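> Mind folding the following:
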Amino acid sequence: MFDHLSLQCDDLDASRRFYEAVLAPVGVSVAMDFGDVLGWSGNDGVPKFWLGKQTTGGTQREIHVAFTAPDRATVETVHQAGLDLGAEVLHEPKEWPEYHPGYYAVFLRDPDGNNVEVVTHA
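As a prediction, the model looks like this:
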């Protein structure tokens with residue numbers, strides 16, 4: 001639905017460590033590194049998720065972003081990666097039938113306070 005998404009980070013190095021660990025299980029990694037801006041992509045190699053240093057100032061507001069996982073085992077792997085990083089777990093992996101049957105997700109807090117979800121619809 002979206003072409004790309006970009007987030008500004010207070011600590012780009014901490015955010016990079018978080019997203020490298022959490023997104024590796026779903027096949028997302030840094031495809032472009034401009035030093036103060038990182039472009040992340042899946043298997044197609046086209047960056048669609050961007051992280052950059054905070055440049056506009058002000059207070060960050062929580063953003064919710066969800067990444068697709070192929071199966072429940074991958075959601076569990078992401079959960080463990082978050083735990084290993086010491087990330088806040090907003091919601092443990094579970095099925096959310098109020099969304100639809102088979103909606104299985106984990107919700108983590110990134111270093112900037114954003115709500116990061118990894119979900120499978122299988």
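> and the lengthiest helix in the chain, which residues are buried?
Longest helix in the chain, counting residues (DSSP state H): helix 72-85. Within helix 72-85, the residues that count as buried by 16 or more other CB atoms under 10 Å are 72, 74-79, 81-82, 85. C-beta coordinates here come from the backbone N, C-alpha and C atoms, glycine included.
> Residue 109 reaches residue 116, doesn't it?
Yes. In terms of CB atoms under 8 Å, residue 109 counts as a neighbour of residue 116; the distance is 7.3 Å.
> Compare neighbour counts for those two and give me the winner.
residue 116 (23 against 16; other CB atoms under 10 Å).
> Assess the claim that residue 27 and residue 43 are in contact.
Yes. Counting by CB under 8 Å, residue 27 does reach residue 43; the two are 5.8 Å apart.
> Looking at those two, which is more packed in?
Higher neighbour count among residue 27 and residue 43: residue 27, with 14 against 8, using other CB under 10 Å.
> outside of the longest helix of the chain, which residues touch it?
17-18, 21-26, 69, 89, 92-93, 104-106, 108, 118-120, 122 (CB atoms under 8 Å, 6 or more residues apart in numbering).
> Where does pLDDT dip in this structure?
Across the chain, the ranges flagged by pLDDT under 70 are 1.
> Okay, helices next: where are they in it?
12-23, 72-85.
> picking up where we left off before, may I see the buried residues of helix 72-85 organised as TSV, with distance to residue 53 added?
Below are these laid out as TSV (distance: CB to CB, whole Å):
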residue	distance to residue 53
72	35
74	30
75	30
76	32
77	29
78	25
79	28
81	23
82	23
85	20
